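Chemist: Let me see the structure of the following:
(one chain, ligands or ions: 3)
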Amino acid sequence: MSLKESLGTIYKKLVELVTPDVKIDMDNIPKHIGIIMDGNGRWAKRRGLKRSDGHRAGAKTLEDITDYCSKIGVKFLTVYAFSTENWKRDKAEVDAIMELIYEYMSNMENLIGGKDCRIRVIGDRSRLSDKLNAKILEVEDYTKDRTGPTLNIALNYGGRDEILRAARLAAQAVSEGKITADGIDEKYMSSLMYTGDNPEVDLIIRPSGEKRLSNFLLWQCAYSEFWFSNTCWPDFTPKHMKIAIAEYQKRNRRFGGV
Ligand code: IPE
Ligand code: IPE
Ligand code: MG
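Modeler: Numbering: from 1, shown residues only. Ligands and ions are numbered 1, 2, ... in the order given. Presented below is the predicted three-dimensional model:
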């Protein structure tokens, strides 16, 4: 570990120390949490590190947060790792992110909730390399019978892309006579989303100070609660998760009722 990286680790410990430790109600844990893992680049820049170092630090945060979510009983965690728009970045950065994801998947026994997590990748895989796609299939198959939380990794994922895909699937089903146009309702459309068999997304968290969805879970977020933090993702800790969950537990979710 370089000096700058060690300073980064020390800084994270300080962040953790000064972040208040709040209490959460263990009987009201959100079933499904979405996280926009943002701020890796700014985190790295502030420390004079490369953007790819920020992504690496972000991957470490994902391990800690997945472990924590598993511990408190979150059943589904959907994390935004790479959007359909992120291809606009320099090829070197895109390559570094893809390589990191490959590495991450290859080390799954030590990393991402090696113990009991079911891992799935959501998004359009057609643009991913054959090597990465093969690894994804291997990891999904290897973890498919696990009974712990499901970790959905959104990779080349876009909410609009997902809705378009669902619309195409629905149109195809109509043309094959499997369903009538009138039969297409919310439940049916939900089932065509990548998260089709998951419960509703209760809470969406975005670190790094940005307050937008950036094309994440557009269909699923209809009644999600939102929580934003200025902390960049590499500095994010289980204590931040606790604050987000405590805040979520105070919200009055009316779903259009009174
Ligand atoms: C999020 O961090 C990771 C990806 C989008 C792949 P960023 O790389 O967007 O970090 P910032 O927003 O530039 O700080
Ligand atoms: C959203 O972050 C995508 C991921 C975190 C993977 P971006 O950094 O791409 O979003 P914008 O560009 O700030 O909206
Ligand atoms: Mg960003």
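
Chemist: Residue numbers of the chain in contact with ligand 2?
Modeler: Selection of the chain residues close to ligand 2 by C-beta under 6 Å from any ligand atom yields 36-38, 80-83, 86, 210, 212, 214. Placement of C-beta: from N, CA and C, glycine included.

Chemist: Which ones among the residues you listed also lie next to ligand 1?
Modeler: Okay, of those touching ligand 1 (C-beta under 6 Å from any ligand atom), that's 37-38, 82, 86.

Chemist: for this protein, which spans come out with low pLDDT?
Modeler: The model of the chain has pLDDT under 70 over residues 109-115.

Chemist: Give me the secondary structure label for the residue lying closest to Trp87 once chain neighbours are set aside.
Modeler: Counting by C-beta to C-beta, 6 or more residues apart in numbering, Val94 is the residue found nearest to Trp87 once chain neighbours are left out, at 6.3 Å. Following DSSP: H, G, I helix; E, B strand; the rest coil, we place Val94 in the helix state.

Chemist: what about Val94, neighbour count?
Modeler: When counting by other C-beta atoms under 10 Å, one arrives at 14 neighbours for Val94.

Chemist: Relative to Glu210, how far out is it?
Modeler: 20 Å (C-beta to C-beta, to the nearest Å).

Chemist: Closest approach to ligand 1 from the stretch 151-258 of the chain, which residue is it?
Modeler: When scored by C-beta to the nearest ligand atom, the stretch 151-258 of the chain has Ser208 as its residue closest to ligand 1, at 5.7 Å.

Chemist: Am I right that that residue is in a helix?
Modeler: No. Assessed with three-state DSSP, Ser208 is coil; it does not lie in a helix.

Chemist: That one against Arg46, yeah?
Modeler: No. With contact defined as C-beta atoms under 8 Å, Ser208 does not count as touching Arg46 (11.7 Å).

Chemist: Just say helix, strand or coil for Leu155.
Modeler: Using three-state DSSP, the structure places Leu155 in strand.

Chemist: What count of nearby residues applies to the spatially closest residue to it that is not a sequence neighbour?
Modeler: Using C-beta to C-beta, 6+ apart and skipping residues adjacent in sequence, the residue nearest Leu155 is Gly123, 4.6 Å away. Residues contacting Gly123 under the criterion other C-beta under 10 Å number 23.

Chemist: Gly123 and Asp197, how far apart?
Modeler: From Gly123 to Asp197 the distance is 16 Å (C-beta to C-beta).

Chemist: Next: Trp227.
Modeler: Counting by C-beta to C-beta, the gap from Trp227 to Asp197 is 25 Å.

Chemist: what residues are up against the closest residue to Tyr157 other than its chain neighbours?
Modeler: Closest residue in space to Tyr157, ignoring its immediate chain neighbours: Gly123 at 3.4 Å, by C-beta to C-beta, 6+ apart. Contacts for Gly123 (C-beta atoms under 8 Å, 6 or more residues apart in numbering) come out as 82, 84, 154-158, 161-162, 194.

Chemist: ok, 6 Å please
Modeler: 154-157 (C-beta atoms under 6 Å, 6 or more residues apart in numbering).

Chemist: List the buried residues of the helix of greatest length in the chain.
Modeler: Longest helix in the chain, counting residues (DSSP state H): helix 51-72. Residues of helix 51-72 classed as buried by neighbour count (16 or more other C-beta atoms under 10 Å): 51-59, 61-63, 65-70.

Chemist: helix or strand right after that helix?
Modeler: strand 76-83 (DSSP states H and E).

Chemist: Report the distance from that following strand to the chain centre.
Modeler: 2 Å (C-alpha atoms, centre = their mean, to the nearest Å).

Chemist: Within the sheet, what are the partner strands of it, with directions?
Modeler: Its sheet considered, strand 76-83 pairs with strand 32-36 (parallel), strand 150-157 (parallel) by DSSP bridges.
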